[in-house]
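*Asks:* need coordinates for the following:
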Amino acid sequence: MENENKVKIYNRLFFKLYINYAVMLLVTALLIGLIFMKLYEDQTMNNTIHQLQVQAENIANATTKKYIKTGKSDNYLEYINTITEVNGWDIWTVSNPNASNPMSEAMNNSITFEEFLADDEYAEYVKILKDVFENETWSYAKGDDEIYQMPTITIGYPIYGIDREVVGAVLIKQMVEGQNEIISGSLKLIVISIVVSLAISFIIVIIFATELSMPISRMRLTALELAAGNYHSKTGINRDDEIGDLAKTVDILSEKLLENDIQRKNLDQMRLDFFANVSHELRTPITVIRAYTETLADGVVKEEDKITQYYERMLSECKSMERLVGDLLILSKMQNPDFAIEKEPVNLVQVMEDIIRSASAIAEKKNIKIDVEKNQPVIMILGDYDRLRQMFMVILDNAIKFSDENKTVHINLLKSDKILVSIKDEGIGIDKADIANIFEKFYKSNLRQNASGTGLGLAIAKQIALKHDGNIEVESTLGQGTIFTFEFPLFEMESNCN
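*Replies:* Residues are numbered from 1 along each chain as shown. Sure thing, here's the model as predicted:
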């Protein structure tokens, strides 16, 4: 068992919980970080583009109103340079060579559009200028500048002439400063957050795994105790969750195993008692038969009447053993749960009339009257005629046997919501201490009336009643008599059988 407790660390529940939790935390943190950085980058770019577009529009409008329409362009470049110095932007004004009345070259603070076209390095600016000149709308481009080594945004906005003709364009270029530093700082914060979260999760997982693994370990130990035969072992876990339900199931299993163990021991004891009782019951007739046989074989007895008497006694003992073996076979069949009796509609009134005819000879010897009362002339039950006859015959035979002379045995058959049959005698009665044992195998009182009995009759009667979904109850008072009451379910098809 010590080797079973040495579980490798990577197979332990705590380790698996922590790894799964840590992986889930890392994946979640990385996804959140990537989403955050993407959203931040897009939002920063969009805000910068919007601000530059507004500024470019203002510069273009001011150029049109103050310089183009008035024709005064002497201090225009100074105006542009001032805005550049104040905002830190790169600003170019470019004349549209395709316009009928292009912007004055004096207002152009950069190279011409043709010079932009001639140099491949200005391809980005050429695309923006073409969009502005041809589509007469603003345009932009963003990317990483090789010179500044940072993201940049370039905005182009049309400059309109007097007749709303696009006579030029304003180009504003701004470095998106600090974005890489912010993203790098955010990554550091995310990493730190992940490390702190993993440390906190380690503590949380320890607590959670302890609450989860300790009851499981206790249930495991309980299961090992049960496997070792200690059926009194319990988990002692009281929780209102799935683990609590599992622990309750283990405790129920413990109780069931304990009950089964007790039942097994009782059955073993009953088996031993059974063999002892059978041996005891067979020992006497076998001893008697052997003694008489040896006596006859040795020729000790010569008188014919004595020899005849010995043979009659031997025959009586053989019949007694035959009756005992027959009763044991019947009882064994009745107690077998797989044994099913063949049932058919049976009239209990007819069964009673049959057993009364059989018992009349015994009753007449003691001048005992058998009185029968029934609330209906026909009372049907689904059962085995011979078995029912045997069951009632056992009770009626005992009623006559334990009754004094000139008494009456009362039989009552009643059909209502169920079928009740009672057999009452006016005999010597049964002691209260013996009533609980009268249906046990081989149980016999010390009365002289039981001298020839096998002690199996009432046990057989009980089993026959159970096979018919019925039950037997007994009430008795010493010196006043005993009443046996049978209860059976009502036969639903009775009307069809009548």
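*Asks:* from the contact counts, what lies against the longest helix along the chain?
*Replies:* Criterion DSSP state H: the longest helix present in the chain is helix 242-298. Helices and strands touching helix 242-298, by 3 or more C-beta pairs under 8 Å, 6 or more residues apart in numbering; DSSP states H and E, are helix 179-227, helix 304-335. In short, each C-beta sits where N, CA and C put it, glycine included.
*Asks:* now do the strands in the chain.
*Replies:* Using DSSP state E, the strands of the chain run over residues 90-95, 139-145, 150-160, 166-175, 344-347, 369-374, 380-383, 408-415, 418-424, 471-477, 481-489.
*Asks:* adding mean neighbour count, write those strands out as JSON lines.
*Replies:* Formatted as JSON lines, these follow (neighbours: other C-beta atoms under 10 Å):
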{"stretch": "strand 90-95", "mean neighbour count": "20"}
{"stretch": "strand 139-145", "mean neighbour count": "15"}
{"stretch": "strand 150-160", "mean neighbour count": "23"}
{"stretch": "strand 166-175", "mean neighbour count": "23"}
{"stretch": "strand 344-347", "mean neighbour count": "16"}
{"stretch": "strand 369-374", "mean neighbour count": "13"}
{"stretch": "strand 380-383", "mean neighbour count": "23"}
{"stretch": "strand 408-415", "mean neighbour count": "18"}
{"stretch": "strand 418-424", "mean neighbour count": "19"}
{"stretch": "strand 471-477", "mean neighbour count": "15"}
{"stretch": "strand 481-489", "mean neighbour count": "19"}
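*Asks:* weakest of these by average pLDDT?
*Replies:* Lowest mean pLDDT within those: strand 139-145, a mean of 80.
*Asks:* mind giving me the domain ranges of this structure?
*Replies:* 14-182, 242-334, 341-497 (automatic domain parsing).
*Asks:* and of the ones you listed, who's closest to residue 211?
*Replies:* Nearest of these to residue 211, taken as C-beta to C-beta: domain 242-334 at 8.7 Å.
*Asks:* and that closest one, average pLDDT?
*Replies:* On average, domain 242-334 scores 79.
*Asks:* okay, and the beta partners of residue 139?
*Replies:* Listed beta-bridge partners, residue 139: residue 156 (assigned using DSSP bridges).
*Asks:* distance of it from residue 464?
*Replies:* The gap separating residue 139 from residue 464 is 106 Å, by C-beta to C-beta, to the nearest Å.
*Asks:* do the same with residue 434
*Replies:* 21 Å.
*Asks:* same drill for the two, tell me which one is more crowded.
*Replies:* residue 464 (26 against 12; other C-beta atoms under 10 Å).
*Asks:* compute the number of surrounding residues for residue 48.
*Replies:* 20.
*Asks:* which residues touch the closest residue to it other than its chain neighbours?
*Replies:* Leaving aside its chain neighbours, residue 48 sits nearest to residue 153 (5.3 Å; criterion: C-beta to C-beta, 6 or more residues apart in numbering). By C-beta atoms under 8 Å, 6 or more residues apart in numbering, the contact list for residue 153 reads 45, 48, 49, 52, 140, 141, 142, 173, 174, 176.
*Asks:* the last one: how many residues sit nearby?
*Replies:* The local packing count at residue 176 equals 20, with neighbours defined by other C-beta under 10 Å.
*Asks:* doesn't residue 150 make contact with it?
*Replies:* Yes. Judged on C-beta atoms under 8 Å, residue 176 makes contact with residue 150 at a distance of 6.6 Å.
*Asks:* so where's the stretch 101-250 of the chain shaky on pLDDT?
*Replies:* 145-149, 177-183 (pLDDT under 70).
*Asks:* switch to 90 and redo it
*Replies:* Along the stretch 101-250 of the chain, segments meeting pLDDT under 90 span 101-154, 161-165, 167, 173-250.
*Asks:* ok, back up a step: as TSV, the strands of the chain with distance to residue 104 would be great.
*Replies:* Formatted as TSV, these follow (distance: least, C-beta to C-beta, whole Å):
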stretch	distance to residue 104
strand 90-95	7
strand 139-145	23
strand 150-160	11
strand 166-175	9
strand 344-347	126
strand 369-374	136
strand 380-383	122
strand 408-415	127
strand 418-424	122
strand 471-477	123
strand 481-489	119
